[in-house]
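# when you get a sec, could you give me coordinates for this:
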Amino acid sequence: MKTGVAILAVTGFLATGAYAATPKPISVDESASFLIDAATTEQLWKEYTPARVIKLYPRRKFRFVSEVGGGFTENKTCVVSARAMLLPVVFLPVQGSKLVYPPVKAATAFDAAPNLTQVQCQALARTKLKDAIQSVTSALAAN
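Okay, here's the model as predicted:
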């Protein structure tokens, strides 16, 4: 009897649309939190991805992925590497939705600047990720 109640509760939950109320994110962030956070990367993807690209590559089949890494060297040089990619999503019966490598498109932007503060280094990381995102989305829009 408890199983039937649980199934009924889940069915009711799905039928009310509460489950569908949370939209899928446009991107997945695999960055060092020292330089950039997931909310900032999601905002950058939304801001610099044209509507045409989102229409051509829907969230249920593709996901944008960003990787920002780097930090400070011994002589206080800020080093940043930002990679932006579009990966296909497949649905596996047991594991659910998974990203598949290799990417459809990818771009990397990197830079190094001496004598920066942590805030300035984070700004450099945002700029480099923006450059990589614009490179990927412009290549996708051209197709």
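# where's L87, which helix or strand?
Assigned by DSSP states H and E, L87 falls within strand 77-92.
# check contacts around the nearest residue to P88 once chain neighbours are set aside.
Once flanking residues are discounted, P88 sits nearest to V100: 4.9 Å by C-beta to C-beta, 6 or more residues apart in numbering. The way it works is simple: take the backbone N, C-alpha and C, and place the C-beta from them, glycine included. Going by C-beta atoms under 8 Å, 6 or more residues apart in numbering, V100 touches L87, P88, V89, V90.
# pretty sure the second one contacts P102?
No: using C-beta atoms under 8 Å, P88 and P102 do not qualify as a contacting pair, with a distance of 9.3 Å.
# and those two? which has more neighbours close in?
Neighbour tally, P88 and P102, criterion other C-beta atoms under 10 Å: the higher count belongs to P88, 15 against 8.
# grab the longest helix from this protein for me.
The helix spanning the most residues in the chain, taking DSSP state H as the definition, is helix 118-142.
# now do that one: everything it contacts.
For helix 118-142, the external contacting residues (C-beta under 8 Å, 6+ apart) are 35-36, 40-41, 44-45, 48-50, 52-53, 56-57, 64, 66, 68, 70-72, 78, 80-86, 104-111, 113, 116.
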